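Enquirer: Generate coordinates for the sequence data below:
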Amino acid sequence: MNALRVVSETGAEPLDLAAAKIHLRVDGTDQDTLITSLITAARRQAEHFTRRALVRKSMVLVRDDFPAGALRLTVAPVVSVERVLYASAAGQTQELTGAQLQVDTHAEPGRVAPAAGTCWPAVFDELGAVQVEFAAGYADGAQPADIVAAIRLLLSHLYEHRESVIVGTSAMATPHGFESLLWPYRLFRED
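Expert: Below is the predicted model:
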């Protein structure tokens, strides 16, 4: 079992308020709070679809045990792995850091493994025995242009249609083209 949790978000949104208001053709400040919340909602929807962190985040991946090989961090891009905590066979919390780990931030998603010539330690038989603390996300302004375009598209849709849009007999949650812009960036699960 894998559980991924966001501890904090520190990066700027891929689309700032001023650019969003120009895109939406909105003057004045009375809609600023709404537009800001819709930017965040659109970004989170893009993150959910692509399985990417579009802003810098501190994250924790919780697992019941170590895998046979490298541990996939399930999100991209991974910036760094801070530490790996685990419940030892004796039931005490232990920590792996730095030279005890190999970190692959180039893979998508990122991976972490024990240092060359070593293996993962034995863990206590309990749920959530392994926790990987890591940083992920694009640097401010470094998000791919297609992803930012998808966020603009969804932002416009959310701003104009503040409730579900019915097309035929089904509700349209996202506008046409949103997923098409994101497909090249989507990460697939290896369960």
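
Enquirer: Pull out the buried residues from the longest strand along the chain.
Expert: Assignment by DSSP state E gives strand 78-87 as the longest strand of the chain. Residues 78, 79, 81, 84, 85, 86, 87 are the ones in strand 78-87 that count as buried (16 or more other Cβ atoms under 10 Å). Where C-beta positions appear, they are placed from N, C-alpha and C, glycine not excepted.

Enquirer: Please identify which two of these are farthest apart in space.
Expert: 79 and 87 (26.2 Å; Cβ to Cβ).

Enquirer: quick check: domain ranges of the protein?
Expert: As recorded under automatic domain parsing, the domains making up the chain are 10-53+143-185, 57-136.

Enquirer: got the buried residues of strand 78-87 as a markdown table, with distance to residue 67 columns?
Expert: Formatted as a markdown table, the buried residues of strand 78-87 follow (distance: Cβ to Cβ, whole Å):
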| residue | distance to residue 67 |
| --- | --- |
| 78 | 16 |
| 79 | 21 |
| 81 | 15 |
| 84 | 12 |
| 85 | 16 |
| 86 | 12 |
| 87 | 16 |
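
Enquirer: Can you tell me which of those residues is closest to residue 135?
Expert: residue 79 (4.2 Å).

Enquirer: tell me the contacts of the closest one?
Expert: Contacts for residue 79 (Cβ atoms under 8 Å, 6 or more residues apart in numbering) come out as 56, 105, 134, 135, 136, 137.

Enquirer: Phi and psi next, for the second one.
Expert: Spelled out, that is residue 105. Main-chain dihedrals, residue 105, degrees, to the nearest 10: phi -90, psi 0.

Enquirer: repeat for residue 22
Expert: Reported as degrees, to the nearest 10, the phi and psi values for residue 22 are phi -60, psi -50.
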